[in-house]
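> I'll drop the sequence and a predicted model, then ask my questions.
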Amino acid sequence: MWRTLLLVGMIGIAAAQARGAVTAVEPLYGRAAAVPAQQQLQLQAPAAARRVALVIGNGDYPRNPLHNARRDGEAVSATLRALGFDVIDVRDAHPQQMNEAIAEFGRRLEAGGVGLFYFAGHGYQTSRATLLAPAGGDPRTPAALVRDSVDLVAVLRVMSAPRQQQVNVVVLDACLEQPFESSTESGAALPELSDRTLVAYATAPGGFAAEGATHGVFTAAWLRELTRARNLDVSAQLQRAAASTAAATHGRQTPWLASTLTHPLFIAQTTETTALTIAIDAQDLKVDVLQSRGIIPKDSNEQYELTFWDSIKDSNYASDYEAYLKAYPNGRFATLARARIERLKTAAPKQAPAAPPGTPAQAQQAQPAPAAQQPQAQQQTPRPPAAAPAPSPAPAPAQPVAKAPAASGDSKDCANCPVMVSLPAGSFTMGGTFGDPSERPPHHVTIAAPFAIGKYEVTVEQWNACADANACPRLSPENNSVKNAPARDLSWDDAQLYVKWLAKTTGKPYRLPTEAEWEYAERGGTTTKYWWGDQMRKGHANCKDCGDPWHKEGPEPVGSFAANPYGLYDMNGSVWEWVSDCWHNSYQSAPNDGHTWEAPNCNVRVIRGGSWREGGDYMLATTRFKYSQSVRQSQDGFRVAKDLK
């Protein structure tokens, strides 16, 4: 298994040096020697004691997942912690989570010292940018992929913000392809480096980065040097790792280095006695399968440009056309894309624009890096980051909740069945103008017939009844130990197994709610941003800043927070909830009768409502995102619906 890396060639390296971008760009291959102590890069207290690392391991991709990337992240995090680093550890990070982690990284670096960024996952290049793909990135939606990916320049910019005793190290074990148009200037996609910065690429420009049995080969080799060659500086360790990598791959992979360091940097001093528990043996350096692992389909550049344009040609959002121009600045549709951007911006109301989905950290470089909680491993944060909020206003008086059409009483079809609430037919406005572009345009929807929906999300106990009947798989015990907590770590396909079993057991037409039914139920007859009003208030949802009870390890038992006007609990927060619809990038041409919105060859479905791991901004009535229907994720669950006949 291979991670494709198509950077720039030797001419591009020379061009980068001519611009003053780097002091040295060379193969990380050759003899490494210990450096005398008097030549070491000296870090003075208190900065000397500070070592901060951001480690991201992304392997959860709907197309071409990387099974070793998560293990790479785990091993690198454990090793760096043992070496005294303050580690921000993020795995399978979606766009918001990557951006939050980078912002937190910048905040922690403000006190000074060494900053180390490590990324394992898919990457690729446009003509002028090297991009790191978030988990869930899908080349079948190329505009979203380009828009949501993090530019390596964003990371370097955060790391290069002035601080005491600043030294930066970046290690990328990533697949990087160049599926878009090539730049006429060689090396244009290679980022320029600030002073005291080293960037190590897992392979030479145009080469491959091999996967071993349990780790990327370069990552395994680097980990081995971190544990056994602690008297060497980081450049020497990486050189030795490169030699091992080249030997293991019979010269087919030669890692490269870009550096503006002027003195050796030691990150694993010999005076430290901390035991390192990561064991790397020869098996870890053995290439598993020689197979390209690029995220982009193997279409020609021309074919993929047509695919890209076809996916956005009817869009009403300037950000889609901007993503196209980022990939194809001189493409066949570039003139048309620029014209549509101009038309859309001219027609837009004069207001401060929200940040587009997955806006990389550099888009807000003029603002200081915001403080953020350390991201949780495996956290899915699919909602794009909003524009920086204005200072908090004085508390507004509580807003009255709109009176909802009457909902019928509770019902239950069997002892282990979910409690259902019958909802009346009605009409509402779906989507909004204040959230993500995928939540627009707002449109009128009529639910023509009454239906029933679960009062709560399906619980662990209810799911276990299906598993006991051998109709559903057993839940992961680490995420599902509380019987009255929502069942989670479930795919859309898993949810379908449950509703089919429930329908067969009861003889009733159970199913997943449609996306329109879900939002109709969530709003409960209200028209405000949240079902309780236009201001976020604590006590109404299970999220990380929504009030107690809250525990980072998992959601609270169902019904722990207030019900909405229809008497439904946890429609916001708790766990993301699967609905029946296929994912579409906007509501353009969405059905207005509330039925399931399908798509040809659909394998990406909609999830709604946010989870306990997200903040209040995710609790909006319009919040929506997507996930591969066959992939399980620790924040995903569901509630059921039922036709009333």
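All right, it came through fine. Numbers count the residues shown, from 1 in each chain.
> what does the pLDDT read for the residue nearest to residue 327 when sequence neighbours are not counted?
Of all residues not flanking residue 327 in the chain, residue 180 sits nearest, at 4.2 Å (Cβ to Cβ, 6 or more residues apart in numbering). C-beta here means a position set from N, CA and C on the backbone, and glycine is covered the same way. Here the pLDDT value assigned to residue 180 is 77.
> wait, residue 180 touches residue 305, no?
Yes: between residue 180 and residue 305 a contact is recorded at 7.4 Å, counting by Cβ atoms under 8 Å.
> for those two, list the residues in contact with both.
Listed as contacting both residue 180 and residue 305 by Cβ atoms under 8 Å, 6 or more residues apart in numbering are 327, 328.
> the two - which one has more neighbours?
Each of residue 180 and residue 305 has its neighbours counted (other Cβ atoms under 10 Å); residue 180 has more, 24 against 21.
> measure that one to residue 129 for me?
Separation of residue 180 from residue 129 (Cβ to Cβ, to the nearest Å): 10 Å.
> where in the chain is pLDDT low?
Residues of the chain meeting the criterion pLDDT under 70: 1-49, 176, 181-190, 205-207, 268-302, 348-406, 408.
> 50 instead, please
Low-confidence segments of the chain (pLDDT under 50): 1-48, 186, 270-275, 289-293, 298-299, 350-403.
> can you pull the contacts of residue 583?
Here residue 583 is in contact with 599, 602, 604, 605, 606, 626 (Cβ under 8 Å, 6+ apart).
> element containing the first one?
This means residue 599. Taking DSSP states H and E as the definition, residue 599 sits outside all helices and strands.
> grab the nearest non-local neighbour of it.
residue 582 (4.0 Å).
> wait, that neighbour sits on residue 591?
No: in this structure, residue 582 is not within contact of residue 591 by Cβ under 8 Å, at 11.7 Å.
> what do the two both touch?
Residues touching both residue 582 and residue 591 (Cβ under 8 Å, 6+ apart) are residue 597.
> which of these two has more neighbours?
Shown here are residue 582 and residue 591; by other Cβ under 10 Å, residue 582 has more neighbours (19 against 16).
> does residue 319 touch residue 438 like I think?
No: here residue 319 does not reach residue 438: they are 10.5 Å apart, not a contact under Cβ under 8 Å.
> outside of stretch 338-350 itself, list whatever touches it.
Residues outside stretch 338-350 that contact it (Cβ under 8 Å, 6+ apart) are 316, 317, 318, 321, 322, 325.
> quick one: residue 246 and residue 239 touch, right?
No: using Cβ under 8 Å, residue 246 makes no contact with residue 239, being 10.6 Å away.
> domain parsing for this structure?
Residue ranges for each domain of the chain read 2-32+44-285, 301-347, 410-643, as given by automatic domain parsing.
> tell me which of those domains sits most buried.
Stretch with highest mean neighbour count among these: domain 2-32+44-285 (a mean of 21; mean count of other Cβ atoms under 10 Å).
> next one: that one to chain centre, how far?
Mean-position distance between domain 2-32+44-285 and its chain equals 18 Å (Cα atoms, centre = their mean, to the nearest Å).
> repeat that for stretch 576-583.
For stretch 576-583, the distance to the chain centre is 18 Å (Cα atoms, centre = their mean).
> now it - C-alpha only, CSV.
Provided in CSV are the C-alpha atoms of stretch 576-583 (Å, rounded to 0.1, in the frame of the first residue of the first chain):
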residue,chain,number,x,y,z
TRP,A,576,-25.4,12.8,15.1
GLU,A,577,-28.6,11.2,13.6
TRP,A,578,-28.8,9.4,10.3
VAL,A,579,-31.6,10.2,8.0
SER,A,580,-32.7,8.5,4.8
ASP,A,581,-31.5,11.1,2.3
CYS,A,582,-28.5,11.0,0.0
TRP,A,583,-26.1,13.9,0.5
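> tell me what the helix or strand containing residue 209 is packed against?
Following DSSP H and E, one finds residue 209 within strand 208-210. Judged by 3 or more Cβ pairs under 8 Å, 6 or more residues apart in numbering; DSSP states H and E, the packing partners of strand 208-210 are strand 2-4, strand 167-177, helix 217-228.
> grab the most central residue of the chain for me.
Closest residue to the average C-alpha location of the chain: residue 94 at 0.6 Å, with Cα atoms, centre = their mean.
> now do the helices in the chain.
Secondary structure of the chain (DSSP state H): helices located at 10-18, 69-82, 95-109, 142-148, 152-159, 217-228, 234-248, 301-312, 318-327, 334-347, 460-468, 492-506, 515-523.
> residue 641 is nearest to which of those?
For residue 641, the closest of the helices of the chain is helix 515-523, at 6.1 Å, according to Cβ to Cβ.
> contacts for the closest one?
For helix 515-523, using Cβ under 8 Å, 6+ apart, the contacting residues are 423, 426, 428, 430, 445, 447, 451, 453, 513, 531, 564, 566, 568, 571-572, 577, 579-581, 591, 594-597, 606, 608-609, 621-622, 624, 641.
> how close does residue 247 get to residue 222?
14 Å.
> sorry, slip of the keys, the one I care about is residue 476.
Residue 476 sits 31 Å away from residue 222, going by Cβ to Cβ.
> with residue 201 instead?
12 Å.
> dump the residue contacts of residue 59.
Contacts here follow Cβ under 8 Å, 6+ apart; on that basis residue 59 touches 65, 66, 67, 68, 69, 70, 91, 92, 120, 121, 135.
> which residue is the nearest non-sequential neighbour of it?
With sequence-adjacent residues excluded and distances taken as Cβ to Cβ, 6+ apart, residue 59 is closest to residue 69, at 3.7 Å.
> from residue 131, how far out is residue 203?
Distance of residue 203 to residue 131, computed by Cβ to Cβ: 17 Å.
> rewinding a little: how about the helices of the chain, which one is nearest residue 266?
Of all those, it is helix 234-248 that lies closest to residue 266, at 7.2 Å by Cβ to Cβ.
> helices or strands next to the closest one in the packing?
strand 197-201, helix 217-228, strand 256-259.
> and the residue nearest to residue 411 when sequence neighbours are not counted, what are its bridge partners?
Setting aside the residues directly before and after it, residue 411 is nearest to residue 420 in space (Cβ to Cβ, 6+ apart), at 5.1 Å. Note on residue 420: beta-bridge partners by DSSP bridges are residue 411, residue 454.
> isn't residue 420 up against residue 453?
Yes: using Cβ under 8 Å, residue 420 is in contact with residue 453, at 6.8 Å.
> what do those two both touch?
The contact sets of residue 420 and residue 453 overlap at 640, 642 (Cβ under 8 Å, 6+ apart).
> quick one, what contacts residue 558?
Taking Cβ under 8 Å, 6+ apart, one finds 456, 457, 459, 484, 485, 486, 569, 570, 574 in contact with residue 558.
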